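*Asks:* What follows is a predicted structure for the sequence shown.
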Amino acid sequence: MAFTLAVSVAVLRAGEATPPAAETMAPVVWRLDNLKQIGGQTPLIEGAPRIDRDRAGGPAVVFDGKKDGLVFAVNPLAGWSRFTIEILFSPSGDGPAEQRFLHAQDESGRRALLETRLNRSGGWWLDTFLRSGTLAGFTAIDPEKVHVTDRWYWAALRFDGKVMTSFVNGEKQVDGAVQFDAMGRGEISLGVRLNRVSWFKGAIREVRFHPTSLAPAALQRVRE
């Protein structure tokens with residue numbers, strides 16, 4: 001990704017072409033069907049996450065909620081002033097109460113997180129977070145919007161340049177205004193926060209990074 005951006009800048013300076021607008025770029029798609037190459041990236045493996053090929057719907061990476069995680073030395077969100085993150089995952093009902101299952105952060109401390117909160121009745125609700133360096137961040141969470149564990153869901157974090165909105169299976173959860181500058185180069189972790197706390201128990205099948213804020217109708221959803 002960094003190499004591609006560098007080439008685009010060089011071409012622009014040479015006056016040969018204009019790089020495509022973010023809105024016309026294809027999404028970056030990571031399918032978690034192996035542990036060697038995901039979305040063309042080689043992850044650093046924490047613990048012993050495993051591939052489950054017997055689940056309905058296709059392979060997925062399973063995390064144990066204690067020590068399993070994947071860390072990528074890349075940030076597909078770099079340079080995007082608007083974006084949408086979608087992730088297809090299944091949270092286990094016996095996981096920790098607070099879990100960070102996707103964490104993107106750049107070299108200046110800007111970060112985006114998707115998290116779950118679990119209750120003792122086997123329910124979970126979504127928590128999404130944006131913060132730009134030392135600026136005030138925003139947490140989108142509503143413990144009244146509870147979903148059943150041990151099922152597949154598409155969760156999404158959408159930022160339109162001014163407002164962050166969270167979704168589960170295309171249904172709006174929470175929104176709010178936040179000042180968030182475009183991110184630079186950085187890292188992304190799956191199954192754990194980048195500082196190796198708040199481990200996730202469950203499975204992740206796919207992650208999509210879109211260089212625009214998708215309309216609700218365009219979001220992925222699991223239909224039962």
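*Replies:* Cool, the structure landed. Owing to the predicted nature of the structure, the values given are computational and were not obtained by experimental measurement.
*Asks:* Can you give me the pLDDT of the closest residue in space to residue 219 that isn't next to it in sequence?
*Replies:* Nearest in space to residue 219, with sequence neighbours left out and distances taken as C-beta to C-beta, 6 or more residues apart in numbering, is residue 170 at 4.4 Å. Every C-beta, even on glycine, is put in place using the N, C-alpha and C of the backbone. pLDDT, residue 170: 97.
*Asks:* next one: residue 56
*Replies:* pLDDT, residue 56: 82.
*Asks:* So it: helix, strand or coil?
*Replies:* Assigned by DSSP: H, G, I helix; E, B strand; the rest coil, the conformation of residue 56 is coil.
*Asks:* Tell me the spacing between the residue nearest to residue 219 and residue 114.
*Replies:* Plainly put, residue 170 is 15 Å away from residue 114 if you go by C-beta to C-beta, to the nearest Å.
*Asks:* mind listing the helices in this structure by residue range?
*Replies:* Listed in chain order, the helices of the chain (DSSP state H) span 2-13.
*Asks:* Need the phi and psi values for residue 197.
*Replies:* phi -130, psi 170 (degrees, to the nearest 10).
*Asks:* got it, and the one 3 residues further on?
*Replies:* The main-chain torsion angles of residue 200 are listed as degrees, to the nearest 10 and equal phi -100, psi 140.
*Asks:* That one reaches residue 97, doesn't it?
*Replies:* No - Residue 200 lies out of contact with residue 97 (C-beta atoms under 8 Å); the separation is 11.9 Å.
*Asks:* Among those two, which residue is more densely surrounded?
*Replies:* The neighbour count for residue 200 versus residue 97, taken as other C-beta atoms under 10 Å, is higher for residue 200 (31 against 11).
*Asks:* Point out where the chain drops to low pLDDT.
*Replies:* Applying pLDDT under 70 to the chain flags residues 1-24, 224.
*Asks:* distance of residue 42 from residue 103?
*Replies:* Distance from residue 42 to residue 103, by C-beta to C-beta: 18 Å.
*Asks:* Show me which of the two is the more surrounded one.
*Replies:* Higher neighbour count among residue 42 and residue 103: residue 103, with 23 against 12, using other C-beta under 10 Å.
*Asks:* can I get the CA coordinates of stretch 202-209 in PDB?
*Replies:* The C-alpha coordinates for stretch 202-209 follow below in PDB (Å, rounded to 0.1, in the frame of the first residue of the first chain):
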ATOM      1  CA  GLY A 202     -14.700 -15.700  18.400                       C
ATOM      2  CA  ALA A 203     -14.100 -15.800  14.600                       C
ATOM      3  CA  ILE A 204     -13.400 -13.300  11.900                       C
ATOM      4  CA  ARG A 205     -14.000 -14.200   8.200                       C
ATOM      5  CA  GLU A 206     -13.500 -11.000   6.200                       C
ATOM      6  CA  VAL A 207     -12.600  -7.300   6.500                       C
ATOM      7  CA  ARG A 208     -13.300  -4.600   4.000                       C
ATOM      8  CA  PHE A 209     -11.800  -1.100   3.900                       C
END
